[in-house]
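>>> Just to be clear, the model below is a prediction. Sequence and coordinates:
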Amino acid sequence: MPATFELFGLKFLYPDNWKEMKRAEDEGGDGVTLELPSGGFVSLEKEREGQLIEEIIEEVADSIAEDYEEIEREEILLAEALPNEHTIDFRFYYLDLLIVSRLIIFKAAGRTLILQIQAESRDFDENKLVFSAILKQIRESL
């Protein structure tokens with residue numbers, strides 16, 4: 001039976017073998033991070049007040065760059081994207097593994113949501129249908 005996330009007007013199902021990670025106090029309660037059994041994660045956050053989309057993208061890029069040397073970055077258009085949805089794929093190597101970190105920023109109904117999906121490239125590909133199902137549920141909630 002799938003697990004359910006329900007907070008700040010959003011509701012979506014996710015696999016019950018994913019674990020909800022404890023959040024540090026400075027991260028606040030307006031989000032969730034789910035860990036995949038293979039080590040990847042899905043993180044959903046409400047926008048920090050007043051941040052522009054470009055600022056959010058740069059903040060994530062800078063965060064990744066602190067730990068990894070070479071980062072590829074590509075803006076992509078996903079099928080069924082909402083009008084004010086921005087998607088950036090970051091790719092970098094950790095040890096000998098290619099990591100894909102997809103950042104999706106939604107601006108809808110007067111709010112901004114930040115979704116980050118990150119996993120080793122093979123795990124990312126294996127979980128694409130699950131990621132797509134979560135993304136569809138989030139879009140429908142907006």
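Arrived safely, thanks for sending.
>>> Let me know the distance separating Lys19 from Gln51.
Distance of Lys19 to Gln51, computed by CB to CB, to the nearest Å: 28 Å. Every residue, glycine included, has its C-beta placed from N, CA and C.
>>> low pLDDT regions in the protein?
24-29, 48-49 (pLDDT under 70).
>>> Nearest to the middle of it, which residue? Look it up for me.
With distances taken as CA atoms, centre = their mean, the residue of the chain nearest its centroid is Gln116 (1.5 Å).
>>> Show me which residues of the lengthiest strand in the chain are buried.
In the chain, taking DSSP state E as the definition, the longest strand is strand 97-108. For strand 97-108, a neighbour-count test (16 or more other CB atoms under 10 Å) marks Ile99, Val100, Ser101, Arg102, Leu103, Ile104, Ile105, Phe106, Lys107 as buried.
>>> and the angle from the next helix or strand after it to strand 97-108?
Where DSSP states H and E defines the elements, the next helix or strand beyond strand 97-108 is strand 111-120. Note on geometry: by axes from the mean of the first three to the mean of the last three CA atoms, to 10 degrees, strand 111-120 and strand 97-108 are set 170 degrees apart in direction.
>>> mind listing what strand 111-120 pairs with, with the direction of each?
According to DSSP bridges, strand 111-120 forms sheet pairs with strand 41-46 (antiparallel), strand 97-108 (antiparallel).
>>> How far away from the center of its chain is that strand?
1 Å (CA atoms, centre = their mean, to the nearest Å).
>>> quick one: buried residues of the very next helix or strand once past it?
As assigned by DSSP H and E, the chain's next helix or strand after strand 111-120 is helix 121-126. Neighbour-count burial for helix 121-126, counted by 16+ other CB under 10 Å, picks out Asp123, Phe124.
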